[in-house]
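[1] okay, predicted coordinates and the sequence, questions at the end:
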Amino acid sequence: MAPEVFLFRPFDGRKCDVWSLGVIFWCLLANGSLYEKPCPTDPHFAYVAQGKEGLRQLFEGSDITDVPETCLDLLSHMLDLYPASRYTIDQILQHPWFQETSNNIKSKKNH
C-alpha cells in the first residue's frame, strides 16, 4: 500500500495504484518483496525513501546489478514518496524504458 494510505492521509487512488504497480514491478525484477511496511521504521522502506540511489542499493544488496538505468529511473518515479510528483499512468507509458521495452516486444512478435 502507498505510504499515504498507510498513514491514513487523504489520497488519490490513481497515484496509489501507480505506487502499487511500482511495488509489483520491484517484485518481478528482484524476485522478492520490497518492504514489510511503508514507513520509516522499516529498514528497506528507508532505502525506498532515498529514491533512485536507495533503490540501486537495494538491488545491489540482492545481488542484482544489471538493472538498466532507465528502468531504475522509471521505478524511482513510480515509488516517489510524494503523490504530487509520482508518475501518472500516462507518464509511465511515455517513459523511455517502457517505450524501449514495448518496441522490443513488438519487433520480436514480427519475426
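    Looks like it came in fine. Numbers count the residues shown, from 1 in each chain.

[2] what pLDDT is listed against residue 75?
    For residue 75, the model assigns a pLDDT of 95.

[3] ok, for residue 73, nearest residue in space, not its chain neighbours?
    residue 52 (6.4 Å; CB to CB, 6 or more residues apart in numbering). In short, each C-beta sits where N, CA and C put it, glycine included.

[4] the one you found: what's it in contact with?
    Contact analysis of residue 52 by CB atoms under 8 Å, 6 or more residues apart in numbering lists 72-73, 75-76.

[5] next step: those residues restricted to helices.
    Among those, DSSP state H puts 72-73, 75-76 in helices.

[6] got a ChimeraX select line for the buried ones in the residues you listed?
    Here is the ChimeraX command that selects the buried residues among the ones in helices among the contacts of residue 52 (16 or more other CB atoms under 10 Å):
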select :72,73,75,76
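
[7] now distance to residue 44 too, for the ones in helices among the contacts of residue 52, in CSV please.
    Converted to CSV, the ones in helices among the contacts of residue 52 look like this (distance: CB to CB, whole Å):
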residue, distance to residue 44
72, 16
73, 20
75, 14
76, 15
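
[8] widest-spaced pair of the ones in helices among the contacts of residue 52?
    73 and 75 (7.3 Å; CB to CB).

[9] distance of the nearest residue to residue 89 once chain neighbours are set aside from residue 95?
    Spatial nearest neighbour of residue 89, excluding adjacent residues (CB to CB, 6+ apart): residue 18 at 6.7 Å. Using CB to CB, to the nearest Å, we find residue 18 at a distance of 12 Å from residue 95.

[10] now swap in residue 67 and tell me
    Counting by CB to CB - residue 67 and residue 95 are separated by 14 Å.

[11] strands of the protein, start to end?
    With DSSP state E as the criterion, the chain has no strands.
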